[in-house]
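Undergrad: output the structure for:
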Amino acid sequence: MTDFDLSGRVAVVTGGSRGIGAAIVEQFARHGARVGFCHVGDHAAAEALVQRLTKGGADVAQCEADIADPAAVEALGAWAGDRFGPVDILVNGAGIGGDILFSDMTLADFDRMIGVHLRGTFLVTKQFYGPMAARGWGRVINISSQLAYKGAPGQSHYCAAKAGIVGFTRALAYEGALRGVTVNSIAPGPVDTQLLMSMSQEWRDMKMGQLPLGRFGRVEEIAPTALLLASEAGSFYIGQTLSPNGGDVLL
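TA: Predicted coordinates:
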């Protein structure tokens, strides 16, 4: 057994059918975890991922859940428990994108962004954190963004949500550490995913010009950070936000 071995662990990843979430699902499965993930209306990609990983011997399953909906999150918890048993590792990875200038932003735009990213992180964590704490071991990994620190035009709702996730992570980490549950987050830079492609070409060109590395990230460059935080190798990380971002934010 290595420090990065997840054998015997059960993980749940929200937003796991594509992009960073799918890369994390694959990384966890390759290191021995049994993994359940959810998505919204992405059945084809979700089932293709399940089939590909199960052919390699992994125990992976998928379901649909809008994590901004409390009833859907409760159903996600019941599904995970029935399918896998107690959950040890949670990755809050579900998210939406899009750039809208503040002057054009509606309350519905703002509420949906906050609902998926920040409210969703709260609801899903609430679903799984208690049993982890009761058992004395768990990992909560929240996906934030380097934009929580840097900001960006057309992203006031997204930046607010992602900054909220950083604050939520730091606060819950104090409580979790006393109960054997580490709580950390990952703040990636711009990564070549469908979410990034939902941004305007003008926005992507602007962001590309800011990157010292001169390119967008790849999902496989983000997933190892989640593996670190999920494993025994990451047991001394408490309330941290790790930021693989290509130099977009230099702290």
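Undergrad: can you pull out the strands in the stretch 101-250 of the chain?
TA: Along the stretch 101-250 of the chain, counting by DSSP state E, counting those that start in this stretch, strands occupy 138-143, 181-186, 241-242.
Undergrad: partner strands of the last one, parallel or antiparallel?
TA: For strand 241-242, the paired strands and their directions (DSSP bridges) are strand 181-186 (parallel).
Undergrad: average pLDDT across the strand it pairs with?
TA: Computed over strand 181-186, the mean pLDDT rounds to 98.
Undergrad: stretch 46-57 too?
TA: 96.
Undergrad: would you mind writing the CA trace of that stretch as CSV?
TA: Output of stretch 46-57 as CSV, limited to C-alpha atoms (Å, rounded to 0.1, in the frame of the first residue of the first chain):
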residue,chain,number,x,y,z
ALA,A,46,-21.5,9.5,-18.0
GLU,A,47,-22.2,6.0,-19.2
ALA,A,48,-19.3,6.0,-21.6
LEU,A,49,-17.0,6.9,-18.6
VAL,A,50,-18.5,4.1,-16.5
GLN,A,51,-18.2,1.5,-19.2
ARG,A,52,-14.6,2.5,-19.9
LEU,A,53,-13.5,2.3,-16.3
THR,A,54,-15.5,-0.8,-15.4
LYS,A,55,-13.9,-2.6,-18.3
GLY,A,56,-10.6,-2.0,-16.5
GLY,A,57,-12.0,-3.6,-13.4
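Undergrad: tell me which residues of that stretch are tucked away?
TA: Of the residues in stretch 46-57, 46, 49-50, 53 count as buried by neighbour count, 16 or more other Cβ atoms under 10 Å. In this view, the C-beta of every residue, glycine as well, is placed from N, C-alpha and C.
Undergrad: distance to Leu101 for those - can I get that in TSV?
TA: Below are the buried residues of stretch 46-57 laid out as TSV (distance: Cβ to Cβ, whole Å):
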residue	distance to Leu101
Ala46	33
Leu49	35
Val50	39
Leu53	40
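Undergrad: wait, doesn't Asp5 sit right on Gly32?
TA: Yes - the pair Asp5 / Gly32 is scored as a contact, 5.7 Å apart, by Cβ atoms under 8 Å.
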